[in-house]
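J.: here is the input, now give the coordinates:
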Amino acid sequence: VAADASTPTVFAPLVLRGKARIRLLRGDRAGAETLWTQAETLLRQGVVGTGSMTFGHRRDLASILLERGNPSDIAEAVALMQVETKIRRDADSLEVYAWALERANRLTEAEATIQAAIALGTRDASLFDRAAAISQAKGDAA
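T.: Model prediction:
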């Protein structure tokens, strides 16, 4: 995470999130939860960067909340991304916002948001994967 574990870097929450994904893929949900909690704590404390919720930390926190999969976190993820996409309308932020809207069952908004991300011209398979998931959730199996 950092050369000195007591000194987190701006990348520490991302590293912890990546390690959590690996744990989850290995079937270690408890280990993933521990790592997500550590990343969430760093982001909420604002100990990295120049202040709380800077440099995309809203997006990072929303991603952690959505990956964790707790229904009680969805409203916060949507709220975080509403703010973030007013600041940064890049494909990554729009994708996370669409994901949050999808999880909140706001499928029409999710579809419009992912289409806006795709329209930016970023060629990333995850955008199309998210678009397909939203279409499926809307009942469009094709």
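J.: let me see the mean pLDDT of the helix or strand harbouring residue 61.
T.: Element membership of residue 61, judged by DSSP states H and E, is helix 57-68. On average, the pLDDT along helix 57-68 is 93.
J.: check the offset of the following helix or strand past that helix from the chain's centre.
T.: Using DSSP H and E, the next helix or strand after helix 57-68 towards the C-terminus is helix 74-87. Helix 74-87 sits 10 Å away from the centroid of its parent chain (Cα atoms, centre = their mean, to the nearest Å).
J.: just stretch 26-33 next, same as before
T.: 18 Å.
J.: and residue 118, how many neighbours does it have?
T.: 19 (other Cβ atoms under 10 Å). In short, each C-beta sits where N, CA and C put it, glycine included.
J.: helix or strand: which one has it?
T.: Using DSSP H and E, the element containing residue 118 is helix 107-119.
J.: same check, this time on residue 129
T.: With DSSP H and E as the test, residue 129 turns up in helix 125-137.
J.: counting by contacts, list what that helix packs against.
T.: Counting contacts by 3 or more Cβ pairs under 8 Å, 6 or more residues apart in numbering; DSSP states H and E, helix 125-137 packs against helix 91-103, helix 107-119.
J.: pick the most buried one from these.
T.: Of all these, helix 91-103 carries the top mean neighbour count, a mean of 24, counting by mean count of other Cβ atoms under 10 Å.
J.: what's the mean pLDDT across that one?
T.: Rounded mean pLDDT across helix 91-103 is 97.
J.: buried stuff in whichever helix in the chain runs longest?
T.: Longest helix of the chain, by residue count under DSSP state H: helix 29-45. Buried positions in helix 29-45, judged by neighbour count with 16 or more other Cβ atoms under 10 Å: 32, 35, 36, 38, 39, 40, 42, 43.
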